[in-house]
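J.: Give the three-dimensional model of this entry:
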Amino acid sequence: MTTQLDRVVVIGVAGDSGCGKSTFLRRLVDLFGEEFMTVICLDDYHSLDRKGRKAAGVTALDPKANNFDLMYEQIKALKERKAVDKPIYNHETGEIDPPERVEPNKVIVIEGLHPFYDARVRELVDFGVYLDISEEVKINWKIQRDMAERGHTYEDVLASINARKPDFEAYIDPQKQYADVVIQILSTQLIKDDESRILRVRLVQKEGIEGFQPAYLFDEGSTIDWRPCGRKLTCAYPGLKMFYGPDSYYGQEVSVLEIDGQFDNLEEMIYIESHLSKIGTKYYGEMTELLLKHKDYPGSNNGSGLFQVLVGLKMRETYELLVSGENKVTAQV
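T.: Have a look, this model is predicted:
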């Protein structure tokens with residue numbers, strides 16, 4: 001059966017495990033609606049199960065452990081509004097289960113380690129985001145999670161990260177050059193040698209992408225340093241700092257938005273929102289409303305939550321432009 005759709009839009013969400021992909025996908029549901037969005041975890045295209053990878057001496061990050069031909073064929077079929085029988089990788093057993101039928105949908109999200117690795121798959125993606133966590137933050141997060149929740153030692157955690165590092169640097173990290181936007185999670189610069197959870201988050205937005213106009217602070221194309229704390233925004237020590245300006249990323253022209261620090265009162269985010277332009281909202285306060293809807297989500301009180309919502313809004317905007325363009329072409333025919 002083929003679903004009647006004007007256009008299937010493919011969104012790519014890339015990044016290492018534990019970088020916030022699940023939270024970001026939950027935020028996308030608010031913008032597209034659960035019934036109109038199908039998420040495909042690219043782990044389902046592992047060509048080797050857990051035992052097979054162990055025998056071959058490769059990790060799941062290694063392209064040799066993944067079937068990119070099938071990934072391309074099935075994503076292409078879905079984009080062409082055709083149903084597919086997609087394999088299932090069972091994370092609990094480490095085995096590949098029988099396939100499931102997947103129908104095309106308005107929005108197909110492909111998420112995982114390799115959305116932009118294969119050039120053929122990359123060409124099918126209409127909008128791509130890479131979630132990029134610095135090694136320092138990654139270690140802190142993993143230590144916090146694995147030592148507290150899983151009883152691992154500090155040495156175990158470091159060994160686990162270091163074991164993945166060569167493959168991560170070889171196969172996963174380079175994909176960020178192909179994303180339309182990159183959300184970088186870094187340690188704060190507001191406090192020297194900070195051991196707390198305060199983050200500096202940068203939104204790297206490519207210029208010159210059809211259907212995508214980067215968001216900006218105050219004055220498009222200028223370089224802005226802004227400390228909004230004071231009478232209109234409550235900020236505990238060490239405060240909050242924002243930056244906007246042009247930059248270069250992998251030899252490409254980009255615009256960068258940055259937030260260092262965290263918010264004390266999410267309802268005051270409307271003040272920050274009112275100074276941002278081209279954020280893809282449909283009404284005043286929509287971005288703040290979306291943040292407030294899930295106050296408990298990780299990163300809601302800092303730049304990671306704000307930029308996840310902003311990127312989601314820009315994805316919705318791009319989706320609507322693509323679909324309206326397709327409808328115009330159909331009408332002319």
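J.: Spell out the secondary structure type for Glu258.
T.: Here Glu258 is recorded as strand under DSSP: H, G, I helix; E, B strand; the rest coil.
J.: pretty sure it contacts Val204?
T.: No - distance between Glu258 and Val204: 9.4 Å, which falls outside the contact criterion (CB atoms under 8 Å). All C-beta atoms are positioned from the backbone trio N, CA, C, and that covers glycine.
J.: If you count contacts, what does the helix or strand that Leu310 is a member of end up packed against?
T.: Using DSSP states H and E, Leu310 sits in helix 303-332. If you count contacts as 3 or more CB pairs under 8 Å, 6 or more residues apart in numbering; DSSP states H and E, helix 303-332 packs onto strand 9-14, helix 21-32, strand 127-133, strand 181-187, strand 199-206, strand 252-261, helix 286-293.
J.: can you do 6 Å?
T.: In terms of contacts (3 or more CB pairs under 6 Å, 6 or more residues apart in numbering; DSSP states H and E), helix 303-332 is packed against strand 9-14, helix 21-32, strand 127-133, strand 181-187, strand 199-206, helix 286-293.
J.: Pass me the low-pLDDT residue ranges in the stretch 151-300 of the chain, would you?
T.: 151, 193-196 (pLDDT under 70).
J.: Start and end of stretch 88-98, how far apart?
T.: With CA to CA, to the nearest Å applied, stretch 88-98 spans 6 Å between its terminal residues.
J.: If you count neighbours, what's buried in that stretch?
T.: For stretch 88-98, a neighbour-count test (16 or more other CB atoms under 10 Å) marks Tyr89, Ile96 as buried.
J.: what's the answer for stretch 249-269, then?
T.: 249, 254-263, 268-269.
J.: do stretch 228-246 as well
T.: Buried-residue list, stretch 228-246, by 16+ other CB under 10 Å: Pro228, Cys229, Leu233, Cys235, Pro238, Leu240, Lys241, Met242, Phe243, Tyr244, Gly245.
J.: Run through who's touching that stretch.
T.: 190-191, 216-217, 223-227, 255-261, 264-265, 268, 271 (CB atoms under 6 Å, 6 or more residues apart in numbering).
J.: Provide a list of residues in contact with Thr223.
T.: Gly245.
J.: same thing but at 8 Å, please
T.: Tyr244, Gly245, Pro246 (CB atoms under 8 Å, 6 or more residues apart in numbering).
J.: Tell me which stretches of the stretch 101-250 of the chain form helices.
T.: Ranges of helices in the stretch 101-250 of the chain, per DSSP state H, counting those that start in this stretch, are 119-124, 135-149, 154-167.
J.: Give me the spatial nearest neighbour of Gln175, chain neighbours excluded.
T.: Phe116 (4.2 Å; CB to CB, 6 or more residues apart in numbering).
J.: Pull the number of nearby residues for that neighbour.
T.: Burial of Phe116 is recorded as 20 neighbouring residues (other CB atoms under 10 Å).
J.: I figured it was touching Gly128, is that so?
T.: Yes - with contacts counted by CB under 8 Å, Phe116 reaches Gly128, the gap being 6.0 Å.
J.: if I look at the two, which residues touch both of them?
T.: Gly12, Ala14, Arg122, Tyr178, Ala179.
J.: Ala163 versus the third one, what's the distance?
T.: When distances are taken as CB to CB, to the nearest Å, Arg122 and Ala163 turn out to be 27 Å apart.
J.: which of the two has more neighbours?
T.: Arg122 (17 against 11).
J.: check contacts around the more buried one.
T.: With CB under 8 Å, 6+ apart, Arg122 has these contacts: Gly12, Pro115, Phe116, Gly128, Tyr178.
J.: May I have the phi/psi pair for the third one?
T.: Geometry field for Phe116 lists phi and psi as phi -110, psi 10, criterion degrees, to the nearest 10.
J.: Check what pLDDT it gets.
T.: If you check Phe116, the pLDDT there is 97.
J.: That one: what's it in contact with?
T.: Contacts of Phe116 by CB under 8 Å, 6+ apart are Gly12, Ala14, Arg122, Val125, Gly128, Tyr130, Gln175, Tyr178, Ala179.
J.: can you do 6 Å?
T.: Taking CB under 6 Å, 6+ apart as the test, what Phe116 contacts is Ala14, Arg122, Gln175, Tyr178.
J.: Including distance to Thr281, could these go into a markdown table?
T.: Converted to a markdown table, the contacts of Phe116 look like this (distance: CB to CB, whole Å):
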| residue | distance to Thr281 |
| --- | --- |
| Ala14 | 25 |
| Arg122 | 29 |
| Gln175 | 29 |
| Tyr178 | 27 |
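J.: quick revisit: take the helices of the stretch 101-250 of the chain and write them to CSV, including distance to Lys295.
T.: Below are the helices of the stretch 101-250 of the chain laid out as CSV (distance: least, CB to CB, whole Å):
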stretch, distance to Lys295
helix 119-124, 35
helix 135-149, 20
helix 154-167, 29
